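In: Below is the sequence, then the predicted model.
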Amino acid sequence: MLSNLFPKAALLLSTLLPLSPAGARAQDVYFSQPGATRLHTNPAFAGLLDDYSVTLAFRNQFPTLAGSFTTTQLAGDLRLPTRGLHHALGLVLTQDRAGEIGYTRLEISALYAYHRRLTSALALSGGLGLSYGRQRVGYDNLVFGDQLSADGTTTGPSAEPLSFVPVNYFSVNPGIVLYTGQAWLSVAAHHLNRPSLGFRTQSELPPRFSVSGGYKLFLRRPSPGPRSPSVTEISVTPTASYTRQGGSSRSEMGAYATVAPLTIGAGYRNIGAGSGVERQQVLTFTVGVGVGAFRLGYCYDAGLTALSADLGGAHELTLNLFSFDQLDSAYRRLRRRAYPVAPFPAY
């Protein structure tokens, strides 16, 4: 009945929660600004870019649907001021909502990262995230056939069996980042323990595996710190990533151009949702600017295939507050105790 009353909402559900004889398999949200939402991508990114940072991100996906799929995320990380600066902590709070069907998922993740310089130019960060999530489905916004009278008015509650007990789950999320001052490689896995989400058919949140990397070509290198006001950074950064979760996969290639404090980027994304479903193609356009201790980013996803275009793509907005001690960084660099400056785009 849901598909008869709300065909586009049913299409949204089939995209987010594809069904199979083995049960329902949910999918995680995907952000189009991985530099700004890096803690969501890999826990090993905690503490790599700033002394501390706090990021608020909002993503509105499929905006042409009534009650589109939205995600709000608050994330923060802190590099602990211990000897050697080996340790960092992070926290990520994420809420997903799918409007008309009353679907919500709230997840909180605690992160830890350990940093180690391997050579004078190469460093490694290993991270671990532990997540607690709570998922529920509500039907308060839906109207069923047995609630409609002859004149079209709504009367009484529905007799449909619509009970869904909220589900709590835990997941384990490790990752590593290998980087130099100009290149990085990120490998991460989420939900390795395959937590159950408790739908009517047996369901699970399948592991999410991701690999990403990039290379920053400096046309003008900032000095002495990564955000020196005396020298403007000018750089071009090509990036690539691949993510697989359950039966779906996505590959992406893009590039960012930075003339500090402005960054602009564009990318191409190819998304597959499994056999029998047309692959979706998306172009992404990003613009970001840094002002003082703040970074602001906006991204728009434009669908190239009929389905992704009809759903309206996505809008994404990020706001970041950060702190970085340039004098301390210069001192540590003179003492040869500093890590390479992580080169991934941030705005």
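Out: Happy to help now that I have it.
In: The helix or strand encompassing residue 126: which residues count as buried?
Out: Assigned by DSSP states H and E, residue 126 belongs to strand 123-137. Neighbour-count burial for strand 123-137 flags 123, 125, 126, 127, 128, 129, 131, 133, 135, 137 (criterion: 16 or more other CB atoms under 10 Å). No exception for glycine: its C-beta is placed from N, CA and C like everyone else's.
In: Which helix or strand lies directly C-terminal to it?
Out: Assigned by DSSP H and E, the successor of strand 123-137 is strand 167-179.
In: Return the list of helices and strands in contact with the helix or strand following that next one.
Out: On the C-terminal side of strand 167-179, the nearest following helix or strand under DSSP H and E is strand 183-190. Contacting strand 183-190 under the criterion 3 or more CB pairs under 8 Å, 6 or more residues apart in numbering; DSSP states H and E are the following elements: strand 167-179, strand 208-215.
In: Pull the residues that contact strand 183-190.
Out: For strand 183-190, the external contacting residues (CB atoms under 8 Å, 6 or more residues apart in numbering) are 28, 41-45, 129, 131, 171, 173-179, 207-216, 342-344.
In: follow-up on the earlier one: each with direction, which strands does the strand holding residue 126 pair with?
Out: strand 103-117 (antiparallel), strand 167-179 (antiparallel) (DSSP bridges).
In: the inter-axis angle of it versus strand 183-190?
Out: 40 degrees (axes from the mean of the first three to the mean of the last three CA atoms, to 10 degrees).
In: What segments of the stretch 1-150 of the chain are helices?
Out: For the stretch 1-150 of the chain, helices defined by DSSP state H, counting those that start in this stretch occupy the ranges 2-5, 7-16, 38-41.
In: So what touches the last one?
Out: Going back to what we said before, that points to helix 38-41. Residues contacting helix 38-41 (CB under 8 Å, 6+ apart): 31, 34, 45-46, 48-49, 55, 73, 75, 77, 90, 92, 94, 111, 186, 188, 210, 212, 344, 346.
In: let's go with 6 Å and repeat that
Out: Helix 38-41 is touched from outside by 34, 45, 75, 90, 92, with contacts defined as CB atoms under 6 Å, 6 or more residues apart in numbering.
In: Then stretch 259-268?
Out: Outside stretch 259-268, the residues that reach it (CB under 6 Å, 6+ apart) are 232-234, 252-254, 256-257, 284-290, 345, 347.
In: Determine how far it lies from the middle of the whole chain.
Out: The chain centre lies 18 Å from the centre of stretch 259-268; the measure is CA atoms, centre = their mean, to the nearest Å.
In: one step back: which two among the contacts of helix 38-41 are spaced furthest apart?
Out: 34 and 90 (15.2 Å; CB to CB).
In: circling back to that earlier point, which of the contacts of stretch 259-268 fall in helices?
Out: When the contacts of stretch 259-268 are checked against helices (DSSP state H), there are no matches.
In: Got a PyMOL select line for the buried ones in the residues you listed?
Out: The PyMOL command for the buried members of the contacts of stretch 259-268 (criterion: 16+ other CB under 10 Å) is given here:
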select buried, resi 233+252+254+256+284+286+288+290+345+347
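In: Spatially nearest residue to residue 302, not counting backbone neighbours?
Out: Counting by CB to CB, 6 or more residues apart in numbering, residue 283 is the residue found nearest to residue 302 once chain neighbours are left out, at 4.8 Å.
In: which residues does the one you found bridge with?
Out: The partner residues for residue 283, given DSSP bridges, come to residue 268, residue 302.
In: Ok, residue 208 next?
Out: Beta-bridge pairing for residue 208 (DSSP bridges): residue 190, residue 245.
In: Let me see the contact set for it.
Out: Contacts of residue 208 by CB under 6 Å, 6+ apart are 28, 190, 245.
In: Pass me the low-pLDDT residue ranges in the stretch 1-150 of the chain, would you?
Out: Residues of the stretch 1-150 of the chain that meet the criterion pLDDT under 70 lie in 1-26, 63-67, 99-102, 138-150.
In: Equivalent analysis for the stretch 201-347 of the chain, please.
Out: Within the stretch 201-347 of the chain, the segments meeting pLDDT under 70 span 201-202, 223-231, 274-277, 307-312, 324-338.
In: now the strands for it?
Out: 203-204, 208-215, 217-220, 234-245, 248-259, 262-272, 280-291, 294-303, 314-323 (DSSP state E, counting those that start in this stretch).
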